[in-house]
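Undergrad: 3D model of this:
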Amino acid sequence: MQFRQQALAKLQSPEELDLPVRFARPQGWLALSVSVVVMAAASVWAVTGSVASTVNAEAILTHGQGSYILQSPVAGQVTAVLARQGERLAAGAPVLKVHTRQGDAIVRTVAAGRISALAATIGQIIRTGANVAAVEKIAHASDPLYATVYVPAENASAIPADAPVDLTVSSVSAQEYGVLRGHVTSVDRAAQSAQSISAFLGDDQLGQQFTRKGRPVAVLVRLDPSPRTKSGYVWSSADGPPFPLDSMTPASGAIRLADQHPVDWLLP
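TA: Below is the predicted model:
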């Protein structure tokens, strides 16, 4: 009965034909306009924009030619240590004196460099081929430092030439002095084995460390020079640390990869 009365009342009411038809409220037009603008901006960015990404990996500060492990060519007892750790020697310089069955023999450097580690002591019995020292290949004290970043092999192909690199140095407070700046000089084509890394750095433990997650690719990074800092290199802070950097210092590197266009990975 109630519905019947409502129907009769509706029939008796005049038709509202003289009122204008409202298609949308102003709020609706505003929302529609914003949606169109956002979609247009997204389409333009997808075609012309780019996405920057980085790859992070372990690194170490070295001189450009690396190091080598000095091995004894004779077997016998070490009777004298003729070089000091940190000393810079010419090629053929004496390092150890070893007493053999044939008499005394001198173990000499193969190439010029700095003694970064001595593994032999007086009185020690060594065999032929034993590792007795690590020698960093450096001819002059002014030779610049480089950073070698050991990047996972799957990321190596995406590293462009001269890519910027940020290096967090283990001996420097990043919160106080920031990060060390550099650029990619070269990217090795072949993945490095533990043996090849050990031969380049003159340290067997580093070879194992840098390959524990697989065989990486070595990326050589030149450090951006600066005459205004104590270290001689550019930092993200104004002055950097108030002391020079040492070779064989561990670090971690963040290398900027080639920019990728969003449309490349949004579309199948």
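Undergrad: Flag the shaky bits of this protein, pLDDT-wise.
TA: 1-34, 36-52, 258-268 (pLDDT under 70).
Undergrad: who's the spatially closest residue to residue 101 that is not a sequence neighbour bridged to?
TA: Computed as CB to CB, 6 or more residues apart in numbering, the closest residue to residue 101 that is not its neighbour in sequence is residue 76, at 7.3 Å. C-beta here means a position set from N, CA and C on the backbone, and glycine is covered the same way. Beta-bridge partners for residue 76, by DSSP bridges, are residue 126.
Undergrad: Would you confirm that residue 76 contacts residue 125?
TA: Yes - taking contacts as CB atoms under 8 Å, residue 76 lies within contact range of residue 125: 7.4 Å.
Undergrad: neighbour count winner among the two?
TA: Taking neighbours as other CB atoms under 10 Å, residue 76 and residue 125 compare with residue 76 leading, 21 against 10.
Undergrad: How about the secondary structure of the residue lying closest to residue 196 once chain neighbours are set aside?
TA: Once flanking residues are discounted, residue 196 sits nearest to residue 207: 7.7 Å by CB to CB, 6+ apart. Per DSSP: H, G, I helix; E, B strand; the rest coil, the local secondary structure of residue 207 is helix.
Undergrad: and residue 207, how far is that from residue 195?
TA: As for residue 207, its distance to residue 195 is 6 Å (criterion: CB to CB, to the nearest Å).
Undergrad: can you give me the strands for the protein?
TA: 54-63, 67-71, 76-81, 88-89, 94-100, 103-108, 113-118, 125-126, 131-136, 145-152, 164-169, 180-187, 216-223, 250-256 (DSSP state E).
Undergrad: what's the fourth one packed up against?
TA: Translated: strand 88-89. Applying 3 or more CB pairs under 8 Å, 6 or more residues apart in numbering; DSSP states H and E, one finds that strand 88-89 contacts strand 113-118.
Undergrad: Report all helices and strands that the strand it packs on contacts.
TA: So strand 113-118, by 3+ CB pairs under 8 Å, 6+ apart, packs with strand 67-71, strand 88-89, strand 131-136.
Undergrad: Let's have the ones you listed in TSV, adding mean neighbour count.
TA: What follows is those, written out as TSV (neighbours: other CB atoms under 10 Å):
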stretch	mean neighbour count
strand 67-71	21
strand 88-89	18
strand 131-136	22
